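Chemist: Sequence and computational prediction follow.
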Amino acid sequence: MEKEKNYKWYSLHVQSGFEDIAKENLIEVLTAEGLIDKVKEIFVPARVKALFYTKRKKVAEVPLDEDREREEIVVENDQGKKTTFVVADKKVWIEDCECKTKNCLSQPPIEKPRQKLKCTSLHNRAQIELKDKLFPGYIFIKCALDEKLMTTIKYKVPRVLDFVRAGNEPLEVSEEEIQAIKEKLKKGIVKVSKKAAFEVGEKVRIKEGPFVGFEGVIDEIDPETGKVRVLVNIFDRQTPVELTVDQIERVV
């Protein structure tokens, strides 16, 4: 076992929209290669949430990435027919349903993004999604990095593209920065006024997160979520990085 002082945080560039799958692939490949003991933690900077719908109408949203008391979510369709879902132990299942066949009750619990539960006849469903992504296309790994581990991650893990690098070396991320990101996720992303302080085309510098110190140009602003998309030169190409407005500052 590696000494604690040798474990450091790094950021990995992964295929956007597949952050959770990239994490699973990392665990699977590194276990098969006998390297998993070099990894302390893999962190996807997003919230895992269960969303509940009747047809296309969302009726509830419950975090799954934190310890919570058992909670029942009742979803009622347009005809007043109800499906009762239960959230407990970071899993979701159907406890009861007013459909005729009751076939939906036999579905196993769900706990991972992309998994779904549904009562087809009533059009009531639950699904798990990654929400509030702070850095779409990036995840973090705390590991005792050496050449073999670095090469394996870069070339053998599906959905993982490479480490975020400064020059040729993987860029370290401080423990304090990781904890700040986790706290930000817990508090939620704060919405901002439509009259945001920044404008599309402005040059900005990233002041927190794994890309601290990088400069780029604002490509898009979403005033409803408080997010901006900044084009940053990473891996010698323009890469969009999604941030909140409090993570950037103007370049004077």
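Modeler: Thanks, I have the structure now. Bear in mind the structure is a predicted one, so any value in this text is a computation, not a measurement.

Chemist: so where do the helices sit in the stretch 51-200 of the chain?
Modeler: 147-156, 175-187 (DSSP state H, counting those that start in this stretch).

Chemist: nearest to A126, of these?
Modeler: Among the helices of the stretch 51-200 of the chain, the nearest to A126 by Cβ to Cβ is helix 175-187 (21.4 Å). (Glycine included, C-beta is placed from N, CA and C.)

Chemist: What residues sit buried inside that closest one?
Modeler: For helix 175-187, burial by neighbour count (16 or more other Cβ atoms under 10 Å) applies to E177, I178, I181, K184, L185.

Chemist: How far away from the center of its chain is that helix?
Modeler: The chain centroid and the centroid of helix 175-187 are separated by 13 Å under Cα atoms, centre = their mean, to the nearest Å.

Chemist: go on, stretch 30-38?
Modeler: With Cα atoms, centre = their mean, you get 23 Å for stretch 30-38.

Chemist: from the buried residues of helix 175-187, which is closest to L122?
Modeler: Out of the buried residues of helix 175-187, the member with the shortest distance to L122 (by Cβ to Cβ) is L185, at 33.0 Å.

Chemist: what's near enough to touch that closest one?
Modeler: P45, A46, R47, D132, L134 (Cβ atoms under 8 Å, 6 or more residues apart in numbering).

Chemist: Could you rerun that using 7 Å?
Modeler: Going by Cβ atoms under 7 Å, 6 or more residues apart in numbering, L185 touches P45, R47, D132, L134.

Chemist: How many residues are close by the third one?
Modeler: Looking back up the chat, that one is D132. By other Cβ atoms under 10 Å, 16 other residues sit near D132.

Chemist: Surely it is in contact with P45?
Modeler: No: the pair D132 and P45 does not pass the contact test of Cβ atoms under 7 Å, sitting 8.9 Å apart.

Chemist: ranking the helices of the stretch 51-200 of the chain by mean pLDDT, which is last?
Modeler: Of all the helices of the stretch 51-200 of the chain, the minimum mean pLDDT falls on helix 175-187 (a mean of 88).

Chemist: Can you name the element that comes right after that helix?
Modeler: strand 203-206 (DSSP states H and E).

Chemist: That following strand pairs with which strands, and in what direction?
Modeler: strand 215-222 (antiparallel), strand 248-250 (antiparallel) (DSSP bridges).

Chemist: would you turn the ones you listed into JSON lines with distance to E98?
Modeler: JSON lines is the format used below for the strands paired with strand 203-206 (distance: least, Cβ to Cβ, whole Å):
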{"stretch": "strand 215-222", "distance to E98": "39"}
{"stretch": "strand 248-250", "distance to E98": "50"}
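
Chemist: Which one of those lies nearest to E24?
Modeler: So among the strands paired with strand 203-206, strand 215-222 is nearest, using Cβ to Cβ, at 28.6 Å.

Chemist: pLDDT at R237, what is it?
Modeler: 69.

Chemist: give me phi/psi at Q79?
Modeler: phi -90, psi 10 (degrees, to the nearest 10).

Chemist: In space, what's closest to it - neighbours in sequence excluded?
Modeler: Closest residue to Q79 apart from its sequence neighbours, by Cβ to Cβ, 6 or more residues apart in numbering: L122 at 8.0 Å.

Chemist: check contacts around that neighbour.
Modeler: N77, K81, T83, C97, C99.

Chemist: try 10 Å this time
Modeler: 54-55, 75-79, 81-83, 97-100, 104 (Cβ atoms under 10 Å, 6 or more residues apart in numbering).

Chemist: Quick check: neighbours shared by D132 and P45?
Modeler: K184, L185.
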